[in-house]
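Participant: with the input below, show me the fold.
(one chain, ligands or ions: 1)
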Amino acid sequence: MALTIIEMLSKEAGAERRNLFIAASLSGLANSFVIALINSVARSIPNVRMHSFVLFALSVALYVLTSRYTFHRTTRLVESALHHIKIRIVDKIRRMDLQGFERVGTSEIYDRITENVTVISTSAGMIAATLQSICVLVFSALYLAWLSVPALMLISLLLGSGLMLFRSNQDLVENGLRQLGIFRLAFFDQLTDLLKGFKETRFNARRSQELREDVLRTSERLRDSTIKTNSLFDDNLIFSNTLLFALLASVVFVLPQQLELKSTQVTQIIAALMLSWNSVAIAVNCYPAYIRSNHALMALEALEQKLESGSDPLAKEALVSNPWKGRFSRIEVSRLEYTYRPTTDDGMNFHIGPVDLTLQAGEVVFVVGGNGSGKSTFLKTFTGLYPASAGSIRVDGVRVDSHTLAAYRELICTIFTDFHLFSRLYGLLDVQPEAVQALIAQMQLEEQTSFSQQRFTRRELSTGQRKRLAMIVALLEDRPLYIFDEWAADQDPTFRHYFYKELLPMLRARGKTVIAVSHDDRYFSCADRVVTMEYGQVRSIEQHGEGAPPPPSPEKPS
Ligand SMILES: Nc1ncnc2c1ncn2[C@@H]1O[C@H](COP(=O)(O)OP(=O)(O)OP(=O)(O)O)[C@@H](O)[C@H]1O
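Facilitator: Numbers count the residues shown, from 1 in each chain. Modelled structure (predicted):
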């Protein structure tokens, strides 16, 4: 069951709930008292006494103090609850496995964390205002009861039935908001297509036109859905004002006939009604924001559940045990399998394995095969990014499981084809700038970038150059096992040669193990072994290079 914004606030407030309630009640009381006092002073003119003014000043001071507390604390509580939600989402993303992450996609996460959080954030003031107005309403009701109990009963009856009608279009509103959320995501996806596919649309007028039509259609749907939902809220506002007219009419036309009220009593009842109506109006005005923020909160909760369901089953007890202390001699992959979940209606899903492979430390292994043969999928399963559906990985005889997965991943450094260069060198923030600068020179990127304040000064480089930056980071990480997925593919002949003939031998000489996906058959001899994949299976493992694979040896620190 989804939390409402009030429940979220109450949970966040904890023991402070009582103080908040007292402050809101006092500010409501002070508010009502100021109005009542002004009414009473107005009636006693010209005999206005000094103590009335003192009472007035004290009530205003009480109102200011308690209102400030109510509003400021509410804002703080809402922001703090949102902060917790954001951190929870970040942590859940960190605990996800790659497949779960790919399933959720980034659009929904961006939308929820930006749009939905903003909706809730702007609702803080309205929650405080509603809290206050409820208190004013209670005091006005008491005042009305003191003036005439039957009048209070009649007004409550009218008000109650009005509110019931008011709530009857709740389903329509909810539905409208749900649709708005769906259209917003579609719009976000199409906007991403427009921005990321900027180049592609330049070369194909039809593609550009069709994308525009889609953007237009979604924008129209967004517009219509927003108009529909806002009209419902506007109707509510008009309805609430009509209700006030009905109430006033009942006080003027019905009550005096039925209860024989004097004209002064009727005037007082109207004054009390107007006072309480102000609070009802505040609540009515806040209603759209309340519904929107409840809806936004529900969407955030749904996202959290999705993230939770995609959490890495192996990583639950991350870093529980580290049997390898950053080095290994041998990795045995046995009957390893992975199957993608079907992504299309025809239930087609790609499967790799069972794969058997034993790696010795210091070995350079190339994984080769045609496009779509499963090389990257194998590497993602091998590195534990995808949870294997069967089989095992053992490092020096110790199985990679929930206890050891985190330590296992700490042995590995990867550069996948869709690698990311971080804005700062996270994980290496204490690196010596001279060491980075030397590697920048080694990768011949001195003209393009440099290293300052824990970041590369420029990252907008060619794909091959960006891959060289990723290689700098990888070398700095200094892990015993390197995985390069088609790193050389975007390099010029000089750097391709450098990769195969200098970098790989240098890593081998340092005792590093390397698995590299390669399409460069000219350089296959640079590997100790070449594993060929086909349709998700290992078709062959061939011995290459000058000699047999090196014997198992403990990794040497570089
Ligand atoms: N995220 C995914 N969800 C579902 N299926 C996928 C996903 N990624 C890849 N596949 C399927 O797995 C198959 C193998 O893809 P993979 O990327 O492992 O091949 P590859 O050998 O690395 O290809 P390439 O040389 O083109 O990079 C693809 O044909 C595709 O059908």
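
Participant: list of residues touching the lowest-mean-pLDDT helix or strand in the chain?
Facilitator: Across the helices and strands of the chain, mean pLDDT, DSSP states H and E gives its lowest value to helix 255-259, namely a mean of 72. Residues from elsewhere that reach helix 255-259, judged by CB atoms under 8 Å, 6 or more residues apart in numbering: 148, 150, 151, 154, 261, 266, 269. Heads up, the C-betas are built off the backbone N, CA and C, glycines and all.

Participant: name the residues of the stretch 251-400 of the chain found near the ligand, please.
Facilitator: 340, 343, 350, 369, 371, 372, 373, 374, 375, 376, 377 (CB under 6 Å from any ligand atom).

Participant: farthest pair in the residues you listed?
Facilitator: 343 and 369 (21.6 Å; CB to CB).

Participant: so between those two, which is more surrounded?
Facilitator: Comparing residue 343 with residue 369 by other CB atoms under 10 Å, the one with more neighbours is residue 369, at 21 against 12.

Participant: these two touch, right, that one and residue 538?
Facilitator: No: counting by CB atoms under 8 Å, residue 369 sits too far from residue 538 to count as a contact (9.1 Å).

Participant: shared neighbours of these two, anything?
Facilitator: Contacts common to residue 369 and residue 538, judged by CB under 8 Å, 6+ apart, are residue 532.

Participant: show me where this protein has strands.
Facilitator: 330-339, 351-360, 364-369, 390-395, 398-399, 412-415, 451-452, 455-456, 481-485, 513-517, 529-534, 537-543 (DSSP state E).

Participant: contact partners of the fourth one?
Facilitator: Put plainly, it is strand 390-395. Taking CB under 8 Å, 6+ apart as the rule, strand 390-395 contacts 323-324, 328, 330-337, 353-355, 382, 384, 399-400, 404, 408, 411.

Participant: please identify the buried residues of it?
Facilitator: Under the neighbour-count criterion of 16 or more other CB atoms under 10 Å, strand 390-395 has 391, 393, 395 buried.

Participant: can you redo those residues as CSV with pLDDT and distance to residue 295?
Facilitator: Compiled in CSV, these are given as follows (pLDDT from 0 to 100; distance: CB to CB, whole Å):
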residue, pLDDT, distance to residue 295
391, 97, 45
393, 97, 44
395, 97, 48
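
Participant: out of those residues, who's nearest the ligand?
Facilitator: Minimum distance to the ligand across the buried residues of strand 390-395 is 16.6 Å, recorded for residue 391 (CB to the nearest ligand atom).

Participant: ok, and for the least confident helix or strand of the chain, which residues are buried?
Facilitator: residue 255.

Participant: number of residues surrounding the residue of the stretch 1-150 of the chain at minimum distance from the ligand?
Facilitator: Here the stretch 1-150 of the chain gets closest to the ligand at one residue, residue 102, 4.9 Å apart by CB to the nearest ligand atom. By other CB under 10 Å, 15 other residues sit near residue 102.

Participant: ok, it to residue 418 distance?
Facilitator: Distance of residue 102 to residue 418, given as CB to CB, to the nearest Å: 11 Å.

Participant: near the ligand, which residues of this structure show up?
Facilitator: 102, 340, 343, 350, 369, 371, 372, 373, 374, 375, 376, 377.

Participant: surely residue 279 meets residue 140?
Facilitator: Yes: if you go by CB under 8 Å, residue 279 and residue 140 touch, sitting 7.1 Å apart.

Participant: quote the end-to-end distance of stretch 424-433.
Facilitator: This stretch, stretch 424-433, spans 13 Å end to end (CA to CA, to the nearest Å).

Participant: how about that stretch: buried residues?
Facilitator: Neighbour count says stretch 424-433 has 425, 428, 431 buried, by 16+ other CB under 10 Å.

Participant: next: stretch 8-24.
Facilitator: 8, 9, 10, 12, 13, 20, 23, 24.

Participant: repeat that for stretch 202-216.
Facilitator: 208, 211, 214, 215.

Participant: cool, stretch 175-194 as well?
Facilitator: Neighbour-count burial for stretch 175-194 flags 176-177, 179-181, 183-190, 193 (criterion: 16+ other CB under 10 Å).

Participant: could you give the average pLDDT over that stretch?
Facilitator: The pLDDT scores in stretch 175-194 average 88.

Participant: then stretch 505-515?
Facilitator: 96.

Participant: which residue ranges of the stretch 51-200 of the chain form helices?
Facilitator: Using DSSP state H, counting those that start in this stretch, the helices of the stretch 51-200 of the chain run over 98-104, 106-111, 117-121, 124-147, 149-168, 170-196, 198-202.

Participant: most tightly surrounded among the ones you listed?
Facilitator: helix 124-147 (a mean of 20; mean count of other CB atoms under 10 Å).

Participant: tell me how far residue 427 lies from the ligand.
Facilitator: 25 Å (CB to the nearest ligand atom, to the nearest Å).

Participant: and the spatially closest residue to residue 534 that is not a sequence neighbour, how many neighbours?
Facilitator: Spatial nearest neighbour of residue 534, chain neighbours left out: residue 373 (5.3 Å); criterion: CB to CB, 6 or more residues apart in numbering. For residue 373, the count of nearby residues is 19 (other CB under 10 Å).

Participant: swap in residue 470?
Facilitator: 19.

Participant: quick one: residues contacting it.
Facilitator: 415, 419, 421, 487.

Participant: switch the residues you listed over to JSON lines; also include distance to residue 474 and neighbour count.
Facilitator: Converted to JSON lines, those look like this (distance: CB to CB, whole Å; neighbours: other CB atoms under 10 Å):
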{"residue": "415", "distance to residue 474": "6", "neighbour count": "17"}
{"residue": "419", "distance to residue 474": "9", "neighbour count": "17"}
{"residue": "421", "distance to residue 474": "11", "neighbour count": "16"}
{"residue": "487", "distance to residue 474": "9", "neighbour count": "26"}
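
Participant: greatest separation within those: which pair is it?
Facilitator: Pairwise over the contacts of residue 470, using CB to CB, the maximum falls at 421 and 487, 13.8 Å.

Participant: excluding sequence neighbours, find me the nearest residue to residue 10.
Facilitator: Closest to residue 10 by CB to CB, 6+ apart is residue 17, at 5.7 Å.

Participant: what's the answer for residue 449, then?
Facilitator: Nearest to residue 449 is residue 458, by CB to CB, 6+ apart, at 4.3 Å.
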